[in-house]
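1. Dropping a prediction and its sequence here:
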Amino acid sequence: MERTFIAIKPDGVQRGLVGEIIGRFEAKGFTLVGLKLIIASQELAERHYDIHKERPFFKDLVSFITSGPLVAMVWEGDGVVASARRIIGATNPLTAEPGTIRGDFAVSIGRNIIHGSDAIETAQREISLWFTDAELANWESTMKPWLVE
Ligand code: IDP
């Protein structure tokens, strides 16, 4: 079953948007299989954003992402990786569509409140970076027959 890694960044936590954001994924019909509130270490943040290490914003990004607690999550469902990216919206919140999380709640690219894996392979890498197998729950919602034909 397809899984994706979602993180509510420290700005989303500070702004009290945790419940709202989790609610959107729940209401959509995806299944929560991992959840924790943590302050990421410098090493974890650098590994997570490794692909951006040569970019001018890398230092500020790592410093911001480690600046306070974030909510790390794994969500499961058919097509969840691409669907979550649509629910989240464009990287720049000013161009993100209204109705998306970034479109509804953010104004700045450096404070765009949420991360979602951009591809299935990236999701697998990020999930194993942030979670151990024991931290993930293998379960099926009793709602499934009402969600999936
Ligand atoms: P994504 O989060 O939508 O996948 P990426 O291009 O992978 O976007 O960038 C990762 C994160 O780096 C973004 O969410 C944003 O917080 C930050 N970022 C990307 N581009 C810039 C920039 O030009 N200035 C400042 N921060 C940026």
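-> Sure thing, it's come through.

2. Please list the residues of this structure that sit near the ligand.
-> Residues of the chain lying close to the ligand by CB under 6 Å from any ligand atom are 57, 61, 91, 109-110, 112, 115, 118. No exception for glycine: its C-beta is placed from N, CA and C like everyone else's.

3. who wins for neighbours among those residues?
-> residue 112 (23 neighbours; other CB atoms under 10 Å).

4. Model confidence for that one, exactly?
-> Turning to residue 112, the model gives it a pLDDT of 98.

5. For it, grab phi and psi.
-> phi -100, psi 20 (degrees, to the nearest 10).

6. hang on, isn't it packed against residue 103?
-> No: proximity of residue 112 to residue 103 does not meet the contact threshold set by CB atoms under 8 Å, at 10.2 Å.

7. which neighbours do those two share?
-> With contacts taken as CB atoms under 8 Å, 6 or more residues apart in numbering, residue 112 and residue 103 have residue 93 as neighbours in common.

8. Tell me how many other residues surround residue 126.
-> 23.

9. Tell me which helix or strand comes right after the helix or strand hosting it.
-> Take DSSP states H and E as the rule and residue 126 turns out to sit in helix 120-130. Moving toward the C-terminus from helix 120-130, the first helix or strand encountered (DSSP H and E) is helix 144-147.

10. what about residue 12, how many neighbours?
-> The tally of other residues near residue 12 (other CB under 10 Å) stands at 23.

11. quick one on the thing from earlier: taking the residues of the chain next to the ligand, tell me the two that lie furthest apart.
-> In the residues of the chain next to the ligand, the most distant members under the criterion CB to CB are 110 and 118, with 18.1 Å between them.

12. re the thing from before, take the residues of the chain next to the ligand and lay them out in TSV including secondary structure and distance to residue 72.
-> Conversion of these to TSV gives the following (DSSP: H, G, I helix; E, B strand; the rest coil; distance: CB to CB, whole Å):
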residue	secondary structure	distance to residue 72
57	coil	21
61	helix	16
91	coil	19
109	coil	21
110	coil	20
112	coil	16
115	strand	9
118	coil	16
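
13. neighbouring contacts of the host helix or strand of residue 104?
-> Applying DSSP H and E as the criterion places residue 104 in helix 101-105. Residues external to helix 101-105 that are found in contact with it (CB under 8 Å, 6+ apart): 12, 15, 17, 20-21, 24, 87-91, 93, 96-98, 112-114.
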